[in-house]
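In: Quick check, what structure comes out for this input:
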Amino acid sequence: MSKTVFITGTSSGLGKLTAIRFAEMGWNVAATMRNPDKETELTGYDNIKIFKLDVTNVNEVQTSVDQAVAAFGKIDVVINNAGMGTYGPLELAQEEAIDWQFAVNTRGPINVIREFIPHFRANGGGMFINISSFMGITTAVPLGSLYNMSKFALEGLTEGLYYELKPLNIELRLIEQGGSTGNNFKNSITWNRDDNIQDYDNLMTKVQNLMNHAESSSTLDDPLIIVDAIAAVATGESNKFRTVIGTAGNDLMALRNSVSIEEYLETIAKNYM
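Out: The predicted structure follows:
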């Protein structure tokens, strides 16, 4: 009997590629997005059903989960993929940008997890795969404090839930990806700005140049490698709690683990002086 996966944020990028991969593997796929009326590619798969979902809206989460369960009967794996990035000086961030960063990247997965726990309990188990980032376990790019906050929180949430859900046979996994040529992350970034404050302009330019260079070079990871890792975790081929993907993330973690936190922070900071 085919297994079923529920994926958030499937309108583009990594979420869409993941939905397609699972469909091609023979899984049933509940693909969710904020504007399903605009979707044309995923509708071509018989084993993909699309549901409207804004993960920050608790009522929509409840409705989409109910609809997916009604459509497929049982959900085996939930992938919390929906996310966004707010970059720029914290001083210049608008209140709504701060709240939205937390709402999408942290509260969104909380909403989805809380709604699915009763379903998993009733079925004797299940799995949550939370799509994090290596910036959820180490800081490496200036001006990303809000994004780091949201992913660090997701990491802590996932670790903390391990203890309470393990006795219920509910598994938890983290995928810690870096930048990908397929996730369109740079174009989804909200930048904190204030034309009246120029003190951060030099650092802002360096960070933006770094992102532009990464996108135009081979620095970014092949998104299909990330999809492979997600599939391996979902199928049990890999039982790692954390999967760090890409050269950049693994190199940074190796550096972080080899020196003191003070030395690590100074080493990263020197790249932007």
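In: those strands in the stretch 51-200 of the chain, which residues are they?
Out: Remark: strands of the stretch 51-200 of the chain, listed N- to C-terminal, are 77-80, 85-87, 126-133, 170-177, 189-191; assignment by DSSP state E, counting those that start in this stretch.
In: Could you say which of those is packed most deeply?
Out: For the strands of the stretch 51-200 of the chain, ranked by mean neighbour count under the definition mean count of other CB atoms under 10 Å, the leader is strand 77-80 at a mean of 27. For the C-beta atoms, the positions are set from N, CA and C on the backbone; glycine is no exception.
In: picking that back up, tell me which of the strands of the stretch 51-200 of the chain sits nearest to residue 33.
Out: The stretch from these with the least distance to residue 33 (CB to CB) is strand 77-80; that distance is 13.1 Å.
In: helices or strands next to that closest one in the packing?
Out: Of the remaining helices and strands, those touching strand 77-80 by 3 or more CB pairs under 8 Å, 6 or more residues apart in numbering; DSSP states H and E are strand 4-7, helix 108-122, strand 126-133, helix 223-235.
In: cutoff 6 Å now
Out: In terms of contacts (3 or more CB pairs under 6 Å, 6 or more residues apart in numbering; DSSP states H and E), strand 77-80 is packed against strand 4-7, helix 108-122, strand 126-133.
In: Using TSV, lay out these together with distance to residue 222 and mean pLDDT.
Out: Formatted as TSV, the helices and strands packed on strand 77-80 follow (distance: least, CB to CB, whole Å; pLDDT from 0 to 100):
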stretch	distance to residue 222	mean pLDDT
strand 4-7	19	98
helix 108-122	25	98
strand 126-133	16	97
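In: Can you lay out the ones you listed as CSV showing distance to residue 88?
Out: Shown next, in CSV, are the helices and strands packed on strand 77-80 (distance: least, CB to CB, whole Å):
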stretch, distance to residue 88
strand 4-7, 29
helix 108-122, 21
strand 126-133, 17
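In: returning to that earlier point: want to try JSON lines for the strands of the stretch 51-200 of the chain, with distance to residue 21 as columns?
Out: JSON lines is the format used below for the strands of the stretch 51-200 of the chain (distance: least, CB to CB, whole Å):
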{"stretch": "strand 77-80", "distance to residue 21": "11"}
{"stretch": "strand 85-87", "distance to residue 21": "24"}
{"stretch": "strand 126-133", "distance to residue 21": "13"}
{"stretch": "strand 170-177", "distance to residue 21": "13"}
{"stretch": "strand 189-191", "distance to residue 21": "25"}
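In: how about the helices in this structure?
Out: When secondary structure is read from DSSP state H, the chain shows helices at 13-24, 58-72, 95-102, 108-122, 145-165, 201-216, 223-235, 247-258, 261-270.
In: would you list those helices in JSON lines and tack on mean neighbour count and distance to residue 33?
Out: Rendered in JSON lines, the data for those read as follows (neighbours: other CB atoms under 10 Å; distance: least, CB to CB, whole Å):
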{"stretch": "helix 13-24", "mean neighbour count": "22", "distance to residue 33": "8"}
{"stretch": "helix 58-72", "mean neighbour count": "17", "distance to residue 33": "10"}
{"stretch": "helix 95-102", "mean neighbour count": "15", "distance to residue 33": "17"}
{"stretch": "helix 108-122", "mean neighbour count": "19", "distance to residue 33": "13"}
{"stretch": "helix 145-165", "mean neighbour count": "18", "distance to residue 33": "20"}
{"stretch": "helix 201-216", "mean neighbour count": "14", "distance to residue 33": "23"}
{"stretch": "helix 223-235", "mean neighbour count": "19", "distance to residue 33": "17"}
{"stretch": "helix 247-258", "mean neighbour count": "15", "distance to residue 33": "27"}
{"stretch": "helix 261-270", "mean neighbour count": "12", "distance to residue 33": "35"}
